[in-house]
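Novice: Sequence first, then the predicted structure, then my questions.
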Amino acid sequence: MKPIIADDYDVMSKQVAWDIIEIMTSIDSPLFCPASGDTTKGLYKEMAALHKQGQLNIANWLFVGLDEWMGMNENDEGSCRFHLDEQLFEPLQVNNDRICFFDGKAADPVAECDRVEEFIQQQAGIDLLILGLGLNGHVGMNEPGISTSLRSHVATLDPLTAQVGQKYFDKPQQLTEGLTLGIATMLAAKNIFLLVSGSRKAAIVKKVIEGEITAAVPATLLRQHPGLKIYLDKDAAGMLQE
């Protein structure tokens, strides 16, 4: 498939924001699944600005979380929910009763995954899923070698994911597991936007777009989805063939 390549990160973020509006405004009660992480910061900043200007109306939206570190929730600085509260939910003034999010401190993590999955089914699926891309090709916390049949589940983190994840915290964390939507849940979404920026990601972008479809690089599995759009800035697209 042909990715959408923007001149720079800011241009990419703006384009994604407008494409989100185009899809979501045509749905009566849409379910939006946002990813946390560095790549989506610019998108959420743009969404907040459009909301403040009255160009983005999220009054009828519902939200579901993509993933969360095991042992953490919104009260933990550095958690996925913490960052999304700061960057998206609070700027958009989203009430908590419109958000279904994994609680990594739940007494029964498996039951917690079932709760999130049931919420998604009750809304007739995710209308738009926003994803970033890990250096090892993971999406959400679906790590290399993941089963494609998994829905929301407890994931064992790849060492690279645990290492890179330290950047979100002020002090070292023991990151070994997480709660995440599975590949099967992702592929059931109606639309998927995969966002990637920076030259650090150029090598894995090449594998995801030009390599074989394999669970060894989980993001390649998304290429089977008819509603997938891949957004890159020029740096992330730097190793792709013309």
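Specialist: Right, received. Where do you want to start?
Novice: Please make it C-alpha for all contacts and neighbour counts, starting now.
Specialist: Fine.
Novice: And Ile4, how close does it get to Leu228?
Specialist: 11 Å (C-alpha to C-alpha, to the nearest Å).
Novice: do the same with Lys45
Specialist: From Lys45 over to Leu228 the distance is 23 Å, taken as C-alpha to C-alpha.
Novice: Distance from the chain centre to the helix or strand that contains Gln121, please.
Specialist: Per DSSP states H and E: Gln121 is located in helix 109-122. Its chain's average C-alpha position is 17 Å from that of helix 109-122, according to C-alpha atoms, centre = their mean, to the nearest Å.
Novice: After that helix, which helix or strand is next?
Specialist: Along the chain past helix 109-122, the next helix or strand (assigned with DSSP H and E) turns out to be strand 128-131.
Novice: Could you name the helices and strands sitting against that following strand?
Specialist: Helices and strands in packing contact with strand 128-131 are listed as strand 31-33, strand 192-196; criterion 3 or more C-alpha pairs under 8 Å, 6 or more residues apart in numbering; DSSP states H and E.
Novice: what are the ranges of the strands in the chain?
Specialist: Assigned by DSSP state E, the strands in the chain fall at 4-6, 31-33, 62-64, 67-69, 99-100, 128-131, 153-156, 177-180, 192-196, 228-233.
Novice: just the angle between the top helix by length along the chain and strand 192-196, please?
Specialist: Here the longest helix in the chain is taken by residue count, with DSSP state H as the criterion, and it is helix 9-24. Taking axes from the mean of the first three to the mean of the last three C-alpha atoms, to 10 degrees, helix 9-24 and strand 192-196 form an angle of 180 degrees between their directions.
Novice: contacts for helix 9-24?
Specialist: For helix 9-24, contacts defined as C-alpha atoms under 8 Å, 6 or more residues apart in numbering pick out 5-6, 30, 40, 42-44, 46-47, 56, 127-128, 197, 231-233.
Novice: Dump the lowest-mean-pLDDT helix or strand in the chain to PDB, keeping only the CA atoms.
Specialist: Every helix and strand in the chain was compared by mean pLDDT, DSSP states H and E; the lowest is helix 159-164, with a mean of 92. Listed next in PDB are the C-alpha coordinates belonging to helix 159-164 (Å, rounded to 0.1, in the frame of the first residue of the first chain):
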ATOM      1  CA  PRO A 159      13.000  -6.300  26.200                       C
ATOM      2  CA  LEU A 160      13.300  -3.500  23.600                       C
ATOM      3  CA  THR A 161       9.800  -2.200  24.500                       C
ATOM      4  CA  ALA A 162      10.700  -2.300  28.200                       C
ATOM      5  CA  GLN A 163      13.900  -0.400  27.500                       C
ATOM      6  CA  VAL A 164      12.300   2.300  25.300                       C
END
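Novice: confidence score at Asp38?
Specialist: What the model reports as pLDDT for Asp38 is 94.
Novice: Can you give me the distance of it to Ala59?
Specialist: Asp38 sits 26 Å away from Ala59, going by C-alpha to C-alpha.
Novice: picking up where we left off before, off-centre distance for the least confident helix or strand of the chain?
Specialist: Going by C-alpha atoms, centre = their mean, where helix 159-164 is centred and where its chain is centred differ by 17 Å.
Novice: Just the mean pLDDT for stretch 209-220, thanks.
Specialist: Per-residue pLDDT values across stretch 209-220 average out to 98.
Novice: In it, which residues are buried?
Specialist: Buried residues in stretch 209-220, defined by neighbour count with 16 or more other C-alpha atoms under 10 Å: Ile209, Ile213, Ala215, Ala216, Val217, Pro218, Ala219, Thr220.
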